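**Student:** Next come a sequence and a model predicted from it.
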Amino acid sequence: MRTRPHKETWLKRPPRATVSRMLRPWLTDPDSLTARIRARCSTLSVHVLRQRLALPHRDEATLLGLRRGELAWLREVLLVADGVPVVFARSLLPRANVRGAWNLFHGMGARPLGAALFADPAISRRALTCACLDLRDARYHLAAAALAPKAMPPRVWARRSLFRLHGRALLVSEAFLPTILDLPE
Ligand SMILES: C=C(O[C@@H]1C=C(C(=O)O)C=C[C@H]1O)C(=O)O
């Protein structure tokens, strides 16, 4: 029997009852995540895991206004603070604008995407939402595989938002590994 894909709930605000005071700012700060991490460590590096055309998950395709089966450019990275992975990030840009996608993703290499997104005043960010990802979500497993052989907790909080790039949409999702709480507040 085909199981229905798990649909986690993306919330406008992290619930106070289940999200710690230390984690909340990481889920809600609308400014650059890499800038926030960089301000709390000596060296921030971006470990690019995958960068290719891919099929978005159904909820991602819906947010990007893509029809089922439509490909998008995918970029998955680990943000590493002083040698310790702290965030698994997954970004998707509709294929319709290959040239733009190509420049944005392939021009970045190991530089953080945020460096381009927050440097261009023409690029705007839509509201952040957050969700608790667990074994039922494919993105949980992508983060766990990226973190291996380090252990993954049974659930991680993630956030996501759309960026508007000159009329094009870019979806950025970021899952916070427990090590994010080892950074100074
Ligand atoms: C959007 C940002 O860029 C960060 C860097 C990313 C990358 O290099 O692929 C992806 C998502 C973000 O964690 C940011 O800094 O806020």
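**Tutor:** Now that the structure is in, tell me what you want to look at.
**Student:** which SSE is residue 144 in?
**Tutor:** Assigned by DSSP states H and E, residue 144 belongs to helix 138-147.
**Student:** Next: residue 87.
**Tutor:** For residue 87, the host element (DSSP H and E) is strand 84-94.
**Student:** same for that strand, what does it pack against?
**Tutor:** Here strand 84-94 touches helix 33-38, helix 58-64, strand 72-81, helix 98-101, helix 138-147, strand 168-176, going by 3 or more C-beta pairs under 8 Å, 6 or more residues apart in numbering; DSSP states H and E. Where you see a C-beta, it was placed from the backbone N, CA and C, and this is true even at glycine.
**Student:** Now the terminal residues of stretch 122-137, how far apart.
**Tutor:** Taking C-alpha to C-alpha, to the nearest Å, the first and last residues of stretch 122-137 lie 33 Å apart.
**Student:** For that stretch, buried residues please.
**Tutor:** Of the residues in stretch 122-137, 125, 128, 129, 130, 131, 132, 133, 137 count as buried by neighbour count, 16 or more other C-beta atoms under 10 Å.
**Student:** Turn those residues into a markdown table, columns for secondary structure.
**Tutor:** Converted to a markdown table, the buried residues of stretch 122-137 look like this (DSSP: H, G, I helix; E, B strand; the rest coil):
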| residue | secondary structure |
| --- | --- |
| 125 | strand |
| 128 | coil |
| 129 | strand |
| 130 | strand |
| 131 | strand |
| 132 | strand |
| 133 | strand |
| 137 | coil |
